[in-house]
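Q: Sequence plus the predicted model coming up.
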Amino acid sequence: MALDLSKLADYTSEASGEHLSATIMEADTAKFIASNGTLMVGVKNSEFIPFLDGDVTIQADGEGNCGRNPIGNTSFDLGKINVVQLKSEENLCPKKLNKKWLNSLLRAGSQPYTEMIFANQIMALKANKISVLNEMAIWGGDVDSTNANLNKFDGFIKKFGEQNIQVLPAGETLTARLQNALLTIPQHIKSADDFYIVLSHQDAELLKLEQARANYFKEGEAEKLFGTNARIIAVKGLENKDLFWYGRGRSYVLGTDLMGELEGEGASMEYSFETQNIYLDYHWALGVELIFKNELYVFKKEASAPEGGE
């Protein structure tokens, strides 16, 4: 189980692409976007997002009429996504393990340690922690925030705009309120193959509890809003936000680098003989954007209290 620290970089480089990818792709929202939205890789700073849209009008084709009456339009639009370069750097001192239960796994003697156990597990642990923070920033990122983990780029909530968020329609239960909100969504949007209601794990669990407590004779389909065909996706990034995003997956864009990183350039664990510390470093790029914003409808549970009072 021990690891030769002189070869630590060689050992971890074999799995560093996996660990670096996990910092992003293990986030709930990244998985959702990879399957239903637009995941752009190889973005190091900013890049245009080309998207095609248009409409068609059917006309009567009169007999013997060679004239043309062009109606309809096709648009080639360009959005733009910006990513920021991010990093996590940490120093680990193997000597501190002397007073821990792991001391029995260190080599004998008091010279600088040349062995370290659990390197892969440590990298996996940190990658998982980073993926959670990335998930929170994807939704709640705000460059004006005082939270160091959220002020690197604007997330989906900031980009959509608080002023565009509506209050859920009235209803006796959360299920009823979400059903009533669904009735307000244009049919061509909610009938699309990539239409989802994105919400928190807390609210997804509440919906299941409401259904169970109602003792319906016929159970609803798993991962769908009861009584409807609307699929539900729960993400950690919306925890405690009380927000419900109705829209198509194509509206969500996530940009990252993950090119050189997958070849082992973005995550590293190296031992320094000069400082006798282990350097645990992650470097990645991340950013989000919304396109087709007119197809997104975002609801919150309650209206915000006016400034200066309840």
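A: Noted; the coordinates are in hand. Numbers count the residues shown, from 1 in each chain.
Q: What ranges does this structure have for its helices?
A: Chain-ordered helices for the chain, with DSSP state H as the definition, fall at 8-25, 28-36, 119-140, 156-160, 174-182, 187-190, 201-214.
Q: so for the third one, what's the average pLDDT?
A: Throughout helix 119-140, pLDDT has a mean value of 86.
Q: now the shortest one
A: Summarised as a single mean, pLDDT over helix 187-190 is 95.
Q: which helices and strands does that helix pack with?
A: Where contact means 3 or more CB pairs under 8 Å, 6 or more residues apart in numbering; DSSP states H and E, helix 187-190 is packed against strand 243-248. Yep, even glycine has a C-beta here, placed from its N, CA and C like the rest.
Q: Distance from the strand it packs on to the middle of the chain?
A: Using CA atoms, centre = their mean, to the nearest Å, we find the averaged C-alpha position of strand 243-248 to lie 14 Å away from the chain's own average C-alpha position.
Q: what are the pairing partners of it, and which direction each?
A: Sheet pairing here is set by DSSP bridges, and for strand 243-248 it gives strand 195-199 (antiparallel), strand 297-300 (antiparallel).
Q: what's in contact with the first one?
A: Among residues not part of strand 195-199, those counted as contacts by CB atoms under 8 Å, 6 or more residues apart in numbering are 32, 36, 178, 182, 189, 225, 230-235, 238, 243-249.
Q: Export only the CA atoms of it, formatted as PDB.
A: Listed in PDB are the C-alpha atoms of strand 195-199, where the atom choice follows Å, rounded to 0.1, in the frame of the first residue of the first chain:
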ATOM      1  CA  PHE A 195     -37.800  19.700 -21.600                       C
ATOM      2  CA  TYR A 196     -37.000  19.400 -17.900                       C
ATOM      3  CA  ILE A 197     -37.900  20.900 -14.600                       C
ATOM      4  CA  VAL A 198     -34.600  21.400 -12.700                       C
ATOM      5  CA  LEU A 199     -34.900  21.700  -8.900                       C
END
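Q: Quick check: which ranges of the stretch 201-310 of the chain have low pLDDT?
A: 216-222, 258-265, 304-310 (pLDDT under 70).
Q: hmm, try it at 80
A: Regions of the stretch 201-310 of the chain meeting the criterion pLDDT under 80 cover residues 215-222, 258-273, 276, 278, 303-310.
Q: all strands of it, in order?
A: Taking DSSP state E, counting those that start in this stretch to define them, one finds strands in the stretch 201-310 of the chain at 231-234, 243-248, 252-256, 267-272, 277-290, 297-300.
Q: now the last one, how far from the chain's geometric center?
A: Mean C-alpha position of strand 297-300 versus that of the full chain (CA atoms, centre = their mean) differs by 18 Å.
Q: who touches it?
A: By CB under 8 Å, 6+ apart, the residues outside strand 297-300 that reach it are 160, 164-168, 181, 184-185, 242-247.
Q: could you redo the last one with a cut-off of 7 Å?
A: Contact with strand 297-300 is made by 160, 164-168, 181, 185, 242-247, as judged by CB atoms under 7 Å, 6 or more residues apart in numbering.
Q: now swap in the first one and tell me
A: Contacting residues not belonging to strand 231-234 are listed as F32, Y196, I197, V198, L199, S200, H201, A204, E223, K224, L225 [CB under 7 Å, 6+ apart].
Q: Would you convert these into CSV that also reports neighbour count and distance to D281?
A: Formatted as CSV, the entries for the contacts of strand 231-234 read as follows, by neighbours: other CB atoms under 10 Å; distance: CB to CB, whole Å:
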residue, neighbour count, distance to D281
F32, 19, 28
Y196, 21, 36
I197, 26, 38
V198, 27, 32
L199, 26, 35
S200, 20, 32
H201, 13, 31
A204, 17, 35
E223, 12, 38
K224, 14, 43
L225, 21, 43
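Q: which one of those residues sits closest to F156?
A: Using CB to CB, the shortest approach to F156 within those belongs to V198, at 9.2 Å.
Q: Tell me the bridge partners for that closest one.
A: Partner residues in beta bridges with V198, using DSSP bridges, are I233, W245.
Q: Okay, it and N240: tell me how far apart.
A: Using CB to CB, to the nearest Å, one obtains 15 Å as the distance from V198 to N240.
Q: what does R213 give?
A: As judged by CB to CB, R213 and N240 stand 23 Å apart.
Q: can I get the helices of the chain in CSV with distance to D257?
A: Compiled in CSV, those are given as follows (distance: least, CB to CB, whole Å):
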stretch, distance to D257
helix 8-25, 9
helix 28-36, 13
helix 119-140, 13
helix 156-160, 20
helix 174-182, 37
helix 187-190, 32
helix 201-214, 28
